[in-house]
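>>> what shape does this take:
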Amino acid sequence: MVSAREIVSAVVDPELPVLTLADLGVLRDVREEGGRVVVTITPTYSGCPALDEMRADLRADLVEAGYSDIEIRTVLHPAWTTDWISDAGLRKLADHGIAPPQRIGPRAVGPIPLTLEPPARRVPCPRCGSVDTTELSRFGSTACKALRRCEDCREPFEQIKEL
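Have a look, this model is predicted:
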């Protein structure tokens with residue numbers, strides 16, 4: 001029998017099917033406890049509309065592999081961050097024409113300064129590499145994406161926003 005970890009590590013994200021849940025960093029833990037498989041996931045944000053689909057896909061793939069006692073746990077702390085996307089996941093996004101997020105690193109402790117403008121960032125075009133890109137919409141096909149256009153090759157593309 002294939003291990004539960006191998007099975008759930010191959011489950012693709014319903015909103016970004018170029019990535020697995022493991023690539024995306026949503027898959028937090030997989031344990032087999034006395035015949036029971038316990039899978040722990042953290043959604044990209046608490047209102048993620050794909051959460052039910054993720055759970056169903058994880059369960060379906062485990063059942064298909066012969067596992068019957070399955071628990072899917074959702075944890076919200078610590079909150080998911082784009083820093084959890086694997087290096088392979090970042091490459092897959094770029095290879096599929098989606099600008100990957102930059103690494104943010106550890107968050108500062110204490111008050112966070114408030115700005116009303118989005119941070120200025122030079123987002124390279126995943127098609128031609130130009131950094132002469134323009135944000136067309138702060139929100140793309142999902143809340144975690146923005147829609148941009150390259151001013152050199154004129155192609156539109158999505159960008160995964162840093163969280």
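
>>> for the longest helix anywhere in the chain, packing partners?
In the chain, assigned by DSSP state H, the helix with the most residues is helix 51-64. On a contact count with 3 or more C-beta pairs under 8 Å, 6 or more residues apart in numbering; DSSP states H and E, helix 51-64 meets helix 4-9, strand 36-41, strand 70-74. Every C-beta, even on glycine, is put in place using the N, C-alpha and C of the backbone.

>>> could you dump these to JSON lines with distance to residue 141 and mean pLDDT?
Converted to JSON lines, the helices and strands packed on helix 51-64 look like this (distance: least, C-beta to C-beta, whole Å; pLDDT from 0 to 100):
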{"stretch": "helix 4-9", "distance to residue 141": "25", "mean pLDDT": "96"}
{"stretch": "strand 36-41", "distance to residue 141": "21", "mean pLDDT": "97"}
{"stretch": "strand 70-74", "distance to residue 141": "23", "mean pLDDT": "96"}
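
>>> between the ones you listed, which one is nearest to residue 135?
Closest approach to residue 135 among the helices and strands packed on helix 51-64 is made by strand 36-41 (29.9 Å; C-beta to C-beta).

>>> the inter-axis angle of that closest one versus strand 70-74?
Angle between the axes of strand 36-41 and strand 70-74 is 20 degrees (criterion: axes from the mean of the first three to the mean of the last three C-alpha atoms, to 10 degrees).

>>> ok, back up a step: make CSV from the helices and strands packed on helix 51-64 and add distance to residue 92 to it.
Converted to CSV, those look like this (distance: least, C-beta to C-beta, whole Å):
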stretch, distance to residue 92
helix 4-9, 14
strand 36-41, 19
strand 70-74, 24
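
>>> need these in TSV (columns: distance to residue 142 and mean neighbour count).
Compiled in TSV, the helices and strands packed on helix 51-64 are given as follows (distance: least, C-beta to C-beta, whole Å; neighbours: other C-beta atoms under 10 Å):
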stretch	distance to residue 142	mean neighbour count
helix 4-9	22	18
strand 36-41	17	19
strand 70-74	18	15
